[in-house]
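Enquirer: Provide a 3D model corresponding to the input given below.
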Amino acid sequence: MVIEADLNLPGGTLHIYDTGTGGLPVIWHHGTPNIGTPPAPLYPRARDLGIRWIGYDRPGYGGSTPVPDRDIASAATYSAAVADALGLDRFAVMGHSGGAPHALACAAVLPDRVLAVVGAAGLAPYAAPGLDWYADMAAAGVASLTAAARGRAAKEAHEASGAEYDPEFTEADLAMLEGEWRWLLDVVNPAVAAGPGGLISDDLAYTHPWGADPARITAPVLLLHGGQDRVVPSAHSRWLADHCPHAELRLNPGAGHISILSDAPAALDWLATRAAG
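Expert: Below you'll find the predicted structure:
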């Protein structure tokens, strides 16, 4: 069972989720556009490992008050507030897609609280030196994110134009969405139905300074990425693996943006071991 609650912060409300049991708290950072319900397909393995899932809707999604100009590093502020409200000193973090940079930022900003990090199919910083950020990205993603890089007005105009977003999912991705990871539709559909506000804020954050340096992460980091990913090309995780001091990269050559989640149960095993020290 997932317990939902609203946390009142100076800037508004943060809607949080908590499975309530387990000795290892793991804060889930959701993708774009999603709401923050923790990943139900991973609940069985999490129970075996004693993981307590916690999540929250990033501002502008679900029940959380919009904060239009938030950056990636703001995830550390929100995660710390959630942990404080739940009486948790230390915790691990995990994120998929757009959630991965937010998880990494938590570790960079909160070195004394974050035990370990898993990031799957995540973006590197926009101005990452030596990385061709858009190389091998699906054309629709390039159009959407280059609009965000030009600022809020250009991004809002792009979303209002009715431009279709084609993530160029692989056959394996589509098969996952027909199987147990159909759950993703449960978090995507309500986010999309509420309008583009959360997505716009996310994309602006991805294409502007994070406010957190991955090189400052002291916790162990596991990066998962699919070699066939066209939403976020695998070069992003390769760059992160080279710049996070304690990072391990597991590159699955045949996986795409969704099908990389087939490697997530094994990543939970890694997370539980590393978080235990």
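
Enquirer: now for stretch 23-42, what's the gap between its first and last residues?
Expert: Using C-alpha to C-alpha, to the nearest Å, the end-to-end distance of stretch 23-42 comes to 16 Å.

Enquirer: All further residue positions should be reported with the first residue as 24.
Expert: Sounds good: first residue 24 from here, last item stretch 46-65.

Enquirer: Buried residues, that stretch. List them.
Expert: For stretch 46-65, the neighbour count (16 or more other C-beta atoms under 10 Å) marks 47-65 as buried. Backbone N, C-alpha and C define where each C-beta goes, glycine included.

Enquirer: Would you map the strands across this protein?
Expert: Along the chain, counting by DSSP state E, strands occupy 26-32, 35-41, 47-52, 74-79, 114-119, 137-143, 244-249, 270-275.

Enquirer: check contacts around residue 31.
Expert: Applying C-beta atoms under 8 Å, 6 or more residues apart in numbering to residue 31 gives no contacts.

Enquirer: So, low pLDDT: which residues of the stretch 24-173 of the chain?
Expert: Across the stretch 24-173 of the chain, nothing is flagged by pLDDT under 70.

Enquirer: tell me the centre residue of this structure?
Expert: residue 122 (0.7 Å; C-alpha atoms, centre = their mean).

Enquirer: ok, that residue - contacts?
Expert: So, once contact is read as C-beta under 8 Å, 6+ apart, residue 122 ends up touching 51-54, 57, 142, 145.

Enquirer: got the strands of the chain as TSV, with distance to residue 129 columns?
Expert: Shown next, in TSV, are the strands of the chain (distance: least, C-beta to C-beta, whole Å):
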stretch	distance to residue 129
strand 26-32	16
strand 35-41	14
strand 47-52	7
strand 74-79	12
strand 114-119	5
strand 137-143	5
strand 244-249	11
strand 270-275	15
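
Enquirer: Tell me the spatial nearest neighbour of the residue nearest to the centre of the chain, not counting adjacent residues.
Expert: Among residues not flanking residue 122 along the chain, residue 52 sits closest, at 3.4 Å (C-beta to C-beta, 6 or more residues apart in numbering).

Enquirer: Please apply the same query to residue 55.
Expert: Once flanking residues are discounted, residue 55 sits nearest to residue 121: 3.6 Å by C-beta to C-beta, 6+ apart.

Enquirer: wait, doesn't the one you found sit right on residue 227?
Expert: No - using C-beta atoms under 8 Å, residue 121 is not in contact with residue 227; the gap is 11.9 Å.

Enquirer: What count of nearby residues applies to residue 169?
Expert: 15 (other C-beta atoms under 10 Å).

Enquirer: Verify the contact between it and residue 160 for me.
Expert: No - here residue 169 does not reach residue 160: they are 10.0 Å apart, not a contact under C-beta under 8 Å.

Enquirer: Fine, thanks again, bye for now.
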